[in-house]
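K.L.:
Give me coordinates for this.
(chains A, B, C and D)
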Protein chains: 2
Amino acid sequence: MRIGELAARAGTTTRTLRYYESRGLLPARRGSNGYRTYDEHDLRLLEQIRTLQDFGFELEETRPFVECLRAGHPEGDLCPASLAVYRRKLGELDALIGELQAVRAQVGTQLAKAEQAREELAAGAEVPGGPEPVCELGGRTR
Amino acid sequence: MRIGELAARAGTTTRTLRYYESRGLLPARRGSNGYRTYDEHDLRLLEQIRTLQDFGFELEETRPFVECLRAGHPEGDLCPASLAVYRRKLGELDALIGELQAVRAQVGTQLAKAEQAREELAAGAEVPGGPEPVCELGGRTR
DNA sequence: GTAATCCTTGACGCCGACGTCAAGGCAAAC
DNA sequence: GTTTGCCTTGACGTCGGCGTCAAGGATTAC
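P.N.:
Got it, this is the predicted structure:
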């Protein structure tokens, strides 16, 4: 099959396939007219790449999986190099998730504090002779 | 103070300050020699920006906080626009964390499956007459 | 005075994974 | 035969937040 069909069957674009080829990840045979030619096995490799990309793997990180498949293994993750990528990725994910959770907690705390402060200002404003309203009025309170 | 001192006090670089000014986020007064001039209040604004940046906020998302401070409020997050950013960010963080946890689970499952498959292959190999070894040997098993 | 340090603007570089155009060749349908 | 559609390579654009020169003016230290 040619590049357009492979791209369509894998749900990607021809540009992406040419990019993968330029990176040496998915080289193509060429027909007599210079057109790229692919087979079902290439589709398999491409699906492996796309799956990992969807997981957020960098393109280079998919290389061991592709090479594993190309070596004839039934799955791309049966080779040690692929397993190593999995493990490294798990560590990175855990670290990232932890950081994001910490940020989430901080932002949540800040939001709660700010809302609390605004409520107190609003309550004070309801009291005759209380403090001036603050936001969106252009006035400085101090 | 001049740009170098402000950068040093905020733990950032002069390039960053010029970038913020180019974005209209932190404009500077100019001395008679054309040098940028900043005061303590600018340091406060800059610290607000940096804190949010460290949280992973985009630069544009820090603008409401800076404007809130510039409007004279004691904290950058006391204005409605800032609170809206907080809330939107919380939603984005929750969504992102959820996605990453889903990916983490998938990768973990894949890793476990692949390790299991390799163990079975290894065990089979120990049996005389069992299947051929697979990885790193260049041989096709099927 | 002069060397070292600071400041100015302008502009290109970076990173990753492509998108998007341009100019032209080959092919298949009618 | 000609229109339509697929293919080719090449090359610039995208996004964010700056880093890193380069060329030159101002200031400060000695």
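K.L.:
in chain A, which spans are helices?
P.N.:
Using DSSP state H, the helices found in chain A span residues A:3-10, A:14-22, A:40-54, A:59-70, A:80-126.
K.L.:
Buried ones in the second one, by neighbour count?
P.N.:
Meaning helix A:14-22. Within helix A:14-22, the residues that count as buried by 16 or more other CB atoms under 10 Å in any protein chain shown are A:16-17, A:20. For the C-beta atoms, the positions are set from N, CA and C on the backbone; glycine is no exception.
K.L.:
A:Thr13 and A:Tyr19: what is the separation?
P.N.:
Using CB to CB, to the nearest Å, we find A:Thr13 at a distance of 9 Å from A:Tyr19.
K.L.:
now chain A, which segments are flagged as low pLDDT?
P.N.:
A:124-142 (pLDDT under 70).
K.L.:
at 90 instead, please
P.N.:
A:118-142 (pLDDT under 90).
K.L.:
Check it for the residue nearest DNA strand D and tell me.
P.N.:
Residue of chain A nearest DNA strand D, by CB to the nearest atom of the strand: A:Gly4 (2.4 Å).
K.L.:
which residue sits closest to that residue, ignoring its sequence neighbours?
P.N.:
Spatial nearest neighbour of A:Gly4, chain neighbours left out: A:Thr14 (5.9 Å); criterion: CB to CB, 6 or more residues apart in numbering or on different chains.
K.L.:
residues contacting that neighbour?
P.N.:
Applying CB atoms under 8 Å, 6 or more residues apart in numbering or on different chains, we find A:Thr14 in contact with A:3-4, A:7.
K.L.:
do stretch A:28-44 and DNA strand D meet?
P.N.:
Yes - judged by CB under 7 Å from any atom of the strand, stretch A:28-44 and DNA strand D are in contact via A:28, A:34-36.
K.L.:
hang on, the earlier thing: deepest of the helices of chain A, which one?
P.N.:
Greatest average neighbour count among the helices of chain A goes to helix A:59-70 (a mean of 19), per mean count of other CB atoms under 10 Å in any protein chain shown.
K.L.:
Taking their axis directions, that helix and helix A:80-126 sit at what angle?
P.N.:
Angle, helix A:59-70 to helix A:80-126, by axes from the mean of the first three to the mean of the last three CA atoms, to 10 degrees: 150 degrees.
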